[in-house]
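**Student:** Next comes the sequence, and after it the predicted model I'd like to discuss.
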Amino acid sequence: MKDSYRRRDFLTTLWVGASAFSFSSFSQFCKTPSARKGLPNIVVIFTDDQGYADVGCYGAKGFETPNIDRMAAEGIRFTSFYVSQAVCSASRVSLLTGCYPNRVSILGALNPQAKIGLSPEEETIAEVLKKKGYACGIFGKWHLGIHREFLPLQHGFDEYLGLPYSNDMWPIGYDGTPAPEDHNKARHPFLPLIDGNDTVAVLRTMKEQDTLTTRYTRRAVQFIERNKDRPFFLYVPHTMVHVPLGVSDKFRGKSEQGMYGDVMMEIDWSVGEILKTLKKNGLENNTLIVYTSDNGPWLNFGNHAGSALPFREGKGTSWEGGVRVPCIMRWPGHITEGSVCDKMASTLDLLPTFAAISGAPLPKHKIDGVNILSLLEGDTRANPRDHLFYYYGKQLQCVRQGKWKLHFPHGYRSYQGVEPGMDGLAGPYARGKTGLELYDLENDIGEKINVADKFPEVVKRLQALGEKAREELGDRKRKGKGVRPCGRVNE
């Protein structure tokens, strides 16, 4: 008797609840799992070697980026956004794992002969979001290991199309001719284009690189179309604007700046295609889009490199021009239009922020990122990132806290005082050396005036922070207690 009453009460409750909204509303509700779960889509667009000043709203000259600028007008623009190291693989592993590269033992730029890669023990953004039912796709440059066990499909992604490493890691010189036999490039194979886990094409000429931005964009659009009825994470790490530059005929010769400007205009077009596809499918108001770069510009390539102004130096250094990058985020209804944030934030912080947004648990291993959702939501009192460590390779080179940045003594490659190359050819590096130097980034953004002797208490405080980093993450020959091994090929 009790069971029959329970069944009747359940049916009555179901009928009353269903009558509260129309059949059409109910049908639409059932067709959109992302709306049903309240989960936003997440898109990360990650360029390569793009300078801070290479977007219109950051001061680009000689070319326009209307779609990226539109993102800024409709979202938030960060002015103190950082990568973890100013080099390819190290920077990318931090974005995907929320860890300093030293913690996960992926440093530098892995070449085609590398026997290491991202450890299967580490959790990526894709693996975190998969726990909440996200479809995950990557279309572009991976650079976290060439062997099958290191490729994206083994790290949480459902789809992958792209190059496994940088587009200059092939047996072709920057002038387009075969590399000399005694050059390290001569050891490299031609560029494999990988779909899933399989090589589907081999790029042998500069002309074939012209197709990459369009290829990635086409697949990104198709991914959105296929997954429009479920939450998705789309990661588009462009090969460009890393040299050698490649651009399609539809943008070649279109900018006043030259080929670099042409390539940036095509990347902006790619952003526009993604925005257009989101709007077409009714997803633009339920999608967080992040646009940023993996490090600063490779300045000794002259007119084939971008601009880091107003900062000092560029790629491969721990001066602001190497590690501070443009970052724009757009999420209608959550981010106030036209916002500008000068609080410190980093690619390290994307994973914990996405986890907070989706309700996914954080990785079981310790990470270094912090949740910056409060900054996106415009909380002017929030300051989630207290400090940032600047490593290059295994060496701790700087630490920043608030407006203060302390350089520890180190040597570095420099672009100052030497003539850059032109039209795709590299110029020489200079060598720089810094002592224990303190800079006030609020009043000296170009890091020109060392004020260490005026603020010894600040130097002491930042030295203590640096020692904490060394204990946890190491420093050159010193091993940190929090360092975990990378993946290695079993041979």
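**Tutor:** Good, I have the coordinates. Numbers count the residues shown, from 1 in each chain.
**Student:** C-alpha only now, for contacts and for neighbours.
**Tutor:** Fine.
**Student:** surely Thr336 meets Ile76?
**Tutor:** Yes: at 7.1 Å, Thr336 counts as touching Ile76 under the criterion of C-alpha atoms under 8 Å.
**Student:** More neighbours: which of the two?
**Tutor:** Legend: neighbour count by other C-alpha atoms under 10 Å for Thr336 and Ile76, higher for Ile76 (25 against 17).
**Student:** Contacts for the helix ranked longest in the chain next, please.
**Tutor:** Looking across the chain with DSSP state H, the single longest helix is helix 259-280. Helix 259-280 is contacted by residues 45, 54, 62-68, 213-214, 217, 220-221, 224-225, 240-241, 245-248, 251-255, 284, 287, 303-306 when judged by C-alpha atoms under 8 Å, 6 or more residues apart in numbering.
**Student:** What is the neighbour count of the closest residue to Leu191 other than its chain neighbours?
**Tutor:** In space, and not counting its chain neighbours, Leu191 is closest to Leu203: 5.0 Å by C-alpha to C-alpha, 6 or more residues apart in numbering. Using other C-alpha under 10 Å, Leu203 has 16 neighbouring residues.
**Student:** what's the pLDDT at Leu203?
**Tutor:** pLDDT recorded at Leu203 is 98.
**Student:** Is it in contact with Ile194, as I believe?
**Tutor:** No: Leu203 is not in contact with Ile194 according to C-alpha under 8 Å; the separation is 10.8 Å.
**Student:** mind checking how far Met206 is from Glu149?
**Tutor:** Distance, Met206 to Glu149, using C-alpha to C-alpha, to the nearest Å: 29 Å.
**Student:** quick one: low-confidence ranges for the stretch 351-491 of the chain?
**Tutor:** For the stretch 351-491 of the chain, applying pLDDT under 70 flags the ranges 491.
**Student:** And the helices in it, which stretches?
**Tutor:** Here the stretch 351-491 of the chain has its helices, by DSSP state H, counting those that start in this stretch, at 373-376, 456-473.
**Student:** OK, contacts around Thr287?
**Tutor:** Counting by C-alpha under 8 Å, 6+ apart, Thr287 touches 40-43, 278, 330-332.
**Student:** let's see 6 Å
**Tutor:** 40-42, 331 (C-alpha atoms under 6 Å, 6 or more residues apart in numbering).
**Student:** Same question for Leu144.
**Tutor:** Counted by C-alpha under 6 Å, 6+ apart, Leu144 has contacts 89, 117-118.
**Student:** mind listing what Ser307 touches?
**Tutor:** Here Ser307 is in contact with 51, 53 (criterion: C-alpha under 6 Å, 6+ apart).
**Student:** Could you single out the nearest of the contacts of Leu144 to Gly316?
**Tutor:** Nearest to Gly316 out of those is Ser89 (C-alpha to C-alpha; 12.0 Å).
**Student:** Ile194 belongs to a strand, doesn't it?
**Tutor:** Yes: according to DSSP: H, G, I helix; E, B strand; the rest coil, Ile194 belongs to a strand.
**Student:** which residues of the stretch 201-350 of the chain score low on pLDDT?
**Tutor:** For the stretch 201-350 of the chain, not a single residue meets the criterion pLDDT under 70.
**Student:** In CSV, list the C-alpha atoms belonging to stretch 82-101.
**Tutor:** The C-alpha trace of stretch 82-101 is given here as CSV (Å, rounded to 0.1, in the frame of the first residue of the first chain):
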residue,chain,number,x,y,z
TYR,A,82,53.2,36.1,-16.9
VAL,A,83,54.4,32.8,-18.2
SER,A,84,56.6,30.6,-15.9
GLN,A,85,59.7,30.6,-18.2
ALA,A,86,60.4,32.4,-21.5
VAL,A,87,60.9,29.2,-23.5
CYS,A,88,58.5,26.8,-25.3
SER,A,89,58.2,23.5,-23.5
ALA,A,90,58.7,25.0,-20.0
SER,A,91,56.0,27.6,-20.6
ARG,A,92,53.5,25.1,-22.1
VAL,A,93,53.8,22.5,-19.3
SER,A,94,53.0,25.3,-16.8
LEU,A,95,49.8,26.3,-18.6
LEU,A,96,48.6,22.7,-18.8
THR,A,97,49.5,21.5,-15.3
GLY,A,98,49.5,24.6,-13.2
CYS,A,99,53.0,23.8,-12.0
TYR,A,100,56.3,25.6,-12.4
PRO,A,101,58.3,23.6,-15.0
